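Peer 1: Could you look at this predicted model? Sequence included:
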Amino acid sequence: MNSLPTIAAFMTPVFTTIVSIYFMTKYNNDALVAGYGLGAMFSGAFGYAWIFSFNQSVNVHVSKAFGAQDYDGCARYFRRTLVLLALFLLPLIIALLVADKIMMFFGIKEELASIAGQFTKLSTLFMGGSILFDTMKCFVIAQKVFHPILYIQLFTLSLHILWSKIFIDVLEMGIVGAVICKILEEWANTTLIYGYIKQSGKFTQTWGAWTKDIFNIQELWQQFKFGCSIGMISYSLGLFYELLTLVAGNFDERQVVAHIAIGNISSLHYTFSLAVSVTMLTFLGNNLGERRLNRAKNYMWACFTLLGILTVVDWMLVFFARDSWIEFWSSEPVTQGYLLGTLQIYAFGGLLVDPINNGFTTTLKTVGKEKVTIVNVMATMYLVGAPLIVLFAFVFDMKVKGIWLAFGLSSFVLLGMNIKAFFKLDWEEIQNEVIKKTQQENPKETELEFFLVDIVRFNSLYKKSIKLNKKIYLLSINT
């Protein structure tokens, strides 16, 4: 149940994209939809994907610190992440301003690149809001507060539908209207979550203040390295996934529309599983910080069960709703043929393994095996997936179908490597490492806290044993 608010919160940005696309499909212009998809891809791949990926280090650090009651540590990790992402914003803005030229360099037609470039240039106006909102969202979720994020994003989703109706449909502003909606959405999210953090009273101890030690160069460097090691796992996957759109841009707009349509289904499916995985990360980190190993593992297996159920449900939806979905995207018979063929390949490929891969990668990076996970991701996606894309999409001339076939096969290879790494984990050693690291960062307070926790647990067990002995004694008398 704790996963449901996070799932809904993570999926609402995907729904806002679908809402914008829905209103643009009314223009009956495949080039416009394709250009919008390319622009959103570039902004996502080189902007939001890294922001989200890097911020997973906030989940890992803050959840463990919160579990160990190191409230000052929660504030330090959060604020240093804001500093590091602010530094990242400058090269990101430059990349977004010249995105159309980069896309043309990789073979995308000038017409589509020009439409996409409109989106990327204007997206510089909401990237600051994306950084602030996503970092604060991770800060809140890491402290086991989930529902407010859901309410905030559902509210702004409702507003996004209204804004899209006005700017895209009524005023017919096209790409510009879609970006205006995104700007309003991101800054509204940021304002609302900041207001909640300050007014709820739940984060008084962990919010902290801007002090000199936040800007300690050595500590910033250490957090940057850890954030990169954690972030590269999700980012390598996200970047590879988005680069598929760049490859698809080498084909005609009908092929691009088919690719973007499958990409939206894949994003919904992937984001759902990612939200479950982030919830698992929070509870896994909290319980490791509290030295409750068995409870941590129970949460992990519960999330894996939910990921399995998700896969079955999504596969059935794709199978039974495929005709309506195809008609939503295009009325062109040729485009519909591309849509159906690519959907069938995705349904028996990436759809089956994406959620379980998410579960494994989240578990591995939470328990300190981020280096192994990076190697697994880079090897399968770039050394296996990239050559397969060239083979199927270009050599065998399967085009977009070949892209998704290669993606599915490389995802299966990644699953095998993740399973191998997962079953090599030594959980006792992992627990000891978490305790050791927490004690090093705050030795006096942590040792006292753990001592008091052990006393409470011993007292609880002692009381339970007394009650059990009484029951056994009474039962023996009755017998």
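Peer 2: Here it is on my side, so go on. All figures in this text were calculated on a predicted structure; none of them were measured in a lab.
Peer 1: What does Ala68 show for phi and psi?
Peer 2: Backbone geometry at Ala68, expressed as degrees, to the nearest 10, gives phi -90, psi 0.
Peer 1: hang on, it packs against Glu290?
Peer 2: Yes: using Cβ atoms under 8 Å, Ala68 makes contact with Glu290 at a distance of 7.1 Å. (C-beta placed from N, C-alpha, C; glycine too.)
Peer 1: Those two: which has the busier surroundings?
Peer 2: Ala68 (28 against 19; other Cβ atoms under 10 Å).
Peer 1: ok, for the residue nearest to the spatial centre of the chain, nearest residue in space, not its chain neighbours?
Peer 2: For the chain, the residue nearest the mean C-alpha position is Leu274 (5.2 Å; Cα atoms, centre = their mean). Leaving out its chain neighbours, the residue that sits closest to Leu274 by Cβ to Cβ, 6 or more residues apart in numbering is Asn358, at 5.5 Å.
Peer 1: which strands and helices sit next to the helix or strand containing the one you found?
Peer 2: Here Asn358, judged by DSSP states H and E, is contained in helix 350-366. Other helices and strands packing on helix 350-366, by 3 or more Cβ pairs under 8 Å, 6 or more residues apart in numbering; DSSP states H and E, are helix 49-67, helix 217-248, helix 253-289, helix 293-320, helix 370-378, helix 400-422.
Peer 1: Could you list the alpha-carbon positions for that helix in CSV?
Peer 2: Taking Å, rounded to 0.1, in the frame of the first residue of the first chain, the C-alpha atoms of helix 350-366 are listed here in CSV:
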residue,chain,number,x,y,z
GLY,A,350,11.2,-5.2,-22.8
LEU,A,351,7.7,-5.3,-21.2
LEU,A,352,8.4,-8.7,-19.6
VAL,A,353,11.7,-7.8,-17.9
ASP,A,354,11.8,-4.1,-17.3
PRO,A,355,10.1,-4.2,-13.8
ILE,A,356,12.2,-7.0,-12.5
ASN,A,357,15.4,-5.4,-13.7
ASN,A,358,14.3,-2.2,-11.9
GLY,A,359,13.9,-4.2,-8.7
PHE,A,360,17.3,-5.8,-9.0
THR,A,361,19.2,-2.6,-9.8
THR,A,362,17.5,-0.7,-7.0
THR,A,363,18.4,-3.4,-4.5
LEU,A,364,22.0,-3.7,-5.6
LYS,A,365,22.7,0.1,-5.5
THR,A,366,21.0,0.4,-2.1
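Peer 1: Now that helix: average pLDDT?
Peer 2: Across helix 350-366, the average pLDDT comes to 86.
Peer 1: That helix vs helix 217-248, what angle?
Peer 2: 170 degrees (axes from the mean of the first three to the mean of the last three Cα atoms, to 10 degrees).
Peer 1: Next, the buried residues of helix 350-366.
Peer 2: 350-366 (16 or more other Cβ atoms under 10 Å).
Peer 1: quick revisit: OK, contacts around the residue nearest to Leu274?
Peer 2: Tyr270, Ser273, Leu274, Val276, Ser277, Leu307 (Cβ atoms under 8 Å, 6 or more residues apart in numbering).
Peer 1: Give me the local confidence score for Leu82.
Peer 2: 93.
Peer 1: Let me know the closest of the contacts of Asn358 to Ser158.
Peer 2: Nearest to Ser158, judged by Cβ to Cβ, of the contacts of Asn358 is Leu274 at 22.9 Å.
Peer 1: Once you drop chain neighbours, what's closest to Thr245?
Peer 2: Met41 (4.0 Å).
Peer 1: Kindly report the same for Gly349.
Peer 2: Gly408 (2.0 Å).
Peer 1: Look up how far Leu157 lies from the residue nearest to Thr245.
Peer 2: Here Met41 is placed at a distance of 21 Å from Leu157 (Cβ to Cβ, to the nearest Å).
Peer 1: Same drill for those two, tell me which one is more crowded.
Peer 2: When Met41 and Leu157 are compared for neighbours, Met41 comes out ahead with 27 against 18, by other Cβ under 10 Å.
Peer 1: Please identify which helix or strand holds the more buried one.
Peer 2: Going by DSSP H and E, Met41 is part of helix 30-43.
Peer 1: ok now that helix, how far from the chain's centre?
Peer 2: From the chain centre to the centre of helix 30-43 is a distance of 21 Å (Cα atoms, centre = their mean, to the nearest Å).
Peer 1: Report all helices and strands that that helix contacts.
Peer 2: helix 3-25, helix 99-105, helix 110-123, helix 174-200, helix 217-248, helix 253-289.
Peer 1: Grab the CA positions of it and hand them over as CSV.
Peer 2: Backbone C-alpha positions of helix 30-43 (Å, rounded to 0.1, in the frame of the first residue of the first chain) are rendered in CSV as follows:
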residue,chain,number,x,y,z
ASP,A,30,2.7,13.4,-37.9
ALA,A,31,5.7,15.7,-38.3
LEU,A,32,4.5,17.8,-35.3
VAL,A,33,4.0,14.8,-33.1
ALA,A,34,7.3,13.3,-34.1
GLY,A,35,9.1,16.6,-33.5
TYR,A,36,7.5,17.0,-30.1
GLY,A,37,8.6,13.5,-29.2
LEU,A,38,12.2,14.2,-30.3
GLY,A,39,12.3,17.4,-28.3
ALA,A,40,10.9,15.8,-25.2
MET,A,41,13.4,13.0,-25.7
PHE,A,42,16.4,15.3,-25.8
SER,A,43,15.2,17.3,-22.8
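Peer 1: follow-up on the earlier one: which of the contacts of Asn358 are buried?
Peer 2: Here, 16+ other Cβ under 10 Å leaves Tyr270, Ser273, Leu274, Val276, Ser277, Leu307 buried among these.
Peer 1: export those residues to TSV and tack on distance to Val58 and pLDDT?
Peer 2: TSV is the format used below for these (distance: Cβ to Cβ, whole Å; pLDDT from 0 to 100):
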residue	distance to Val58	pLDDT
Tyr270	20	76
Ser273	20	80
Leu274	15	73
Val276	18	77
Ser277	15	76
Leu307	22	88
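Peer 1: how about TSV for those residues, with distance to Gly35 added?
Peer 2: As requested, those are exported to TSV (distance: Cβ to Cβ, whole Å):
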residue	distance to Gly35
Tyr270	23
Ser273	29
Leu274	27
Val276	33
Ser277	32
Leu307	34
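Peer 1: Out of the residues you listed, which comes closest to Glu370?
Peer 2: Ser277 (14.2 Å).
Peer 1: Which residue is the nearest non-sequential neighbour of that closest one?
Peer 2: Nearest non-adjacent residue to Ser277 (Cβ to Cβ, 6+ apart): Thr362, at 3.8 Å.
Peer 1: ok, the one you found touching Leu281?
Peer 2: Yes: at 5.2 Å, Thr362 and Leu281 qualify as touching, with contact defined as Cβ under 8 Å.
Peer 1: picking that back up, which one of the helices and strands packed on helix 350-366 lies nearest to Leu339?
Peer 2: Of all these, helix 253-289 comes closest under Cβ to Cβ, at 4.9 Å.
Peer 1: Give me the angle between the closest one and helix 400-422.
Peer 2: Using the same axes, to 10 degrees: helix 253-289 against helix 400-422 is 10 degrees.
Peer 1: tell me the angle of helix 253-289 relative to helix 30-43?
Peer 2: Going by the same axes, to 10 degrees, helix 253-289 is angled at 30 degrees with respect to helix 30-43.
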